[in-house]
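> any chance you can model this:
(chains A and B)
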2 protein chains.
Amino acid sequence: MDNRPIGFLDSGVGGLTVARELMRQLPHEEIVYIGDSARAPYGPRPAEQIKEYTWQLVRFLLTKDVKMIVFACNTATAVAWEEVKEALDIPVLGVILPGASAAIKASQTGKIGVLGTAMTIQSDIYRTKIQALSPEMQVESLACPKFAPLVESNNYQSSLAKKVVYETLRPLVGKVDTLVLGCTHYPLLRPIIQNAMGQDVKLIDSGAECARDISVLLNYFEINRSRSLEKTQHRYYTTASPLAFREIAENWLGMAIEVEHVSL
Amino acid sequence: MDNRPIGFLDSGVGGLTVARELMRQLPHEEIVYIGDSARAPYGPRPAEQIKEYTWQLVRFLLTKDVKMIVFACNTATAVAWEEVKEALDIPVLGVILPGASAAIKASQTGKIGVLGTAMTIQSDIYRTKIQALSPEMQVESLACPKFAPLVESNNYQSSLAKKVVYETLRPLVGKVDTLVLGCTHYPLLRPIIQNAMGQDVKLIDSGAECARDISVLLNYFEINRSRSLEKTQHRYYTTASPLAFREIAENWLGMAIEVEHVSL
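Numbering: from 1, shown residues only, chains lettered A, B, ... in the order given. Below you'll find the predicted structure:
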């Protein structure tokens, strides 16, 4: 039993898709969320810089006395997860392995598409992890550098979003039966992505898969929060404007929240 | 990636219910199974003795170079899991927390029944774990000392089994909406237990829940077996008669297997 909160980090608001799924599955767990929106997206940045920023987010969460850290960001997971996991003595969970594993289970044809930021696709981590588990899988990777900014700017339901998604995904249409949303921002674009790809394509939300794994790890490490503590007081921090963060977050989470600005 | 097998231990054949579920979920993983049928059931034995026997099983599995150990036995989990988990540097998974957690999620009325061996019920571990997570849950525990021997003697489909199950469960009928099968032998009696309790009662198979968790931990610790290794060569060991073990095991697993006798 451990009543401390779970820490979530992301380059911006995308990790809220993981947080929302965790709240749905484990409503008694408490969350501390930090989004580095001032420096989002991480995708086009050099690996060393992403690593440095990620460590800043990790150190911030540690000051909040978290019992576990969730890398609710594919780019940060691709670049820094293994290093941080080795260095800390609390569990550190990334979104990539749960997503890769779910994609293998879902695919019937063995043809899997992966969407991600420039860095995630360049790191080729999904292909590496998927083919390590299951070498006969064919992986088509596609960088979608315009997707995360659409979400960060709260334009993810706009006609511009539809146009960008349709154009970007064209090379993949008809080529895969399973598509990994390899960036936690992308579930906000899910309806458009599903329409662009066709209804038969299975979309894998790495963040939702990750939320399921959190529950198992809380059990394994015996660090669940007691359900007798009825009230949860989630806390949200952003390195950019709290107002902009709150607008997207409240719309996505369907509840009123308070957001604090923080300088790292 | 780690192509070594997963070790399973049980007082006898009951843990095969967990192994079967793992084979279904992760058919490319390899299993080494040890059942201590010569000294089954563990339930009525003193805690110190169960701990000693469990350590013998653990040490045997370590000689087979396993990458993870699954306590596919509630009694051993209740008595020795925490100690063994602390002592080893490979992951050690028990069946009780996955079962307790699933029961909380399944129950609508908050009235949960728990069946187990004398030792599991005496340890009160399910009530402790369930109420730690969710204090308002009411737990009705019932020791079923006659159940595991019915399975070990391959009489689990007999009319005797039906009589024993109906008589034993009578005090619980109508009192709970969820019932934990808190001994890995009990899923073999599942159809009879379900009839005795009524079709509306949700039966929680701790072993099946545990198998789901194994998959997550293999990901977290990055020790999956490659799916390119097509053939699995599961190995089964028993401290009693290989013939008797094989008869039950082949019937339950639905495949031909080889069983080796081992002295601990």
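
> which residue is the nearest non-sequential neighbour of residue A:161?
Closest residue to residue A:161 apart from its sequence neighbours, by Cβ to Cβ, 6 or more residues apart in numbering or on different chains: residue A:150 at 5.0 Å. For every residue, glycine as well, the C-beta is placed using N, CA and C.

> what are the phi and psi values at residue A:69?
phi -120, psi 130 (degrees, to the nearest 10).

> let me know the pLDDT of it.
pLDDT, residue A:69: 98.

> is it true that the residue nearest to residue A:161 touches residue A:193?
No - the pair residue A:150 / residue A:193 is not scored as a contact, 11.5 Å apart, by Cβ atoms under 8 Å.

> report the separation between the residue in chain A sticking out farthest from the centre and residue A:4.
Computed with Cα atoms, centre = their mean, the residue of chain A farthest from its C-alpha average is residue A:228, at 29.0 Å. Between residue A:228 and residue A:4 the distance is 15 Å, computed by Cβ to Cβ, to the nearest Å.

> and for stretch A:244-262, what's in contact with it?
The contact list for stretch A:244-262 (Cβ atoms under 8 Å, 6 or more residues apart in numbering or on different chains) reads A:13, A:16-17, A:19-20, A:23, A:34-35, A:37, A:60, A:151-152, A:154, A:188, A:234-243.

> list the buried ones in it?
Neighbour counts using 16 or more other Cβ atoms under 10 Å in any protein chain shown place A:244, A:245, A:246, A:248, A:249, A:252, A:253, A:259 of stretch A:244-262 among the buried residues.

> and it, how far from the chain's centre?
On the basis of Cα atoms, centre = their mean, to the nearest Å, stretch A:244-262 is displaced by 17 Å from the centre of the chain it belongs to.

> same question, stretch A:190-207
With Cα atoms, centre = their mean, you get 16 Å for stretch A:190-207.

> do the same with stretch A:28-35
The answer for stretch A:28-35 is 14 Å, by Cα atoms, centre = their mean.

> contact partners for the closest residue to the residue farthest from the centre of chain A other than its chain neighbours?
Excluding the flanking residues, the one nearest residue A:228 by Cβ to Cβ, 6+ apart is residue B:135, at 4.3 Å. By Cβ under 8 Å, 6+ apart, the contact set of residue B:135 is A:226, A:227, A:228.

> ok so, going back, now, which of the buried residues of stretch A:244-262 lie within helices?
When DSSP state H is applied, these are split such that A:244, A:245, A:246, A:248, A:249, A:252, A:253 fall in helices.

> about what we covered before: wouldn't the residue farthest from the centre of chain A be in contact with residue B:137 here?
No - contact criterion Cβ under 8 Å: residue A:228 and residue B:137 do not qualify, at 10.4 Å.

> what's the distance between residue A:247 and residue B:221?
Distance from residue A:247 to residue B:221, by Cβ to Cβ: 39 Å.

> with residue A:46 instead?
30 Å.

> between those two, who's got more neighbours?
When residue A:46 and residue B:221 are compared on other Cβ atoms under 10 Å in any protein chain shown, the one with more neighbours turns out to be residue B:221, at 13 against 10.

> give me the phi and psi for the nearest residue to that one once chain neighbours are set aside.
Nearest non-adjacent residue to residue B:221, counting by Cβ to Cβ, 6+ apart: residue B:91, 5.7 Å away. Torsion angles at residue B:91 (phi, psi; degrees, to the nearest 10) stand at phi -60, psi 140.

> just to revisit the earlier point, confirm that the residue nearest to residue A:161 sits in a helix.
Yes - with DSSP: H, G, I helix; E, B strand; the rest coil as the criterion, residue A:150 is part of a helix.

> neighbours around it, how many?
22.

> list the contacts for it?
A:156, A:158, A:160, A:161, A:164, A:189 are the contacts of residue A:150 under Cβ under 8 Å, 6+ apart.

> again with residue A:101
Counted by Cβ under 8 Å, 6+ apart, residue A:101 has contacts A:133, A:209, B:215, B:219, B:224.
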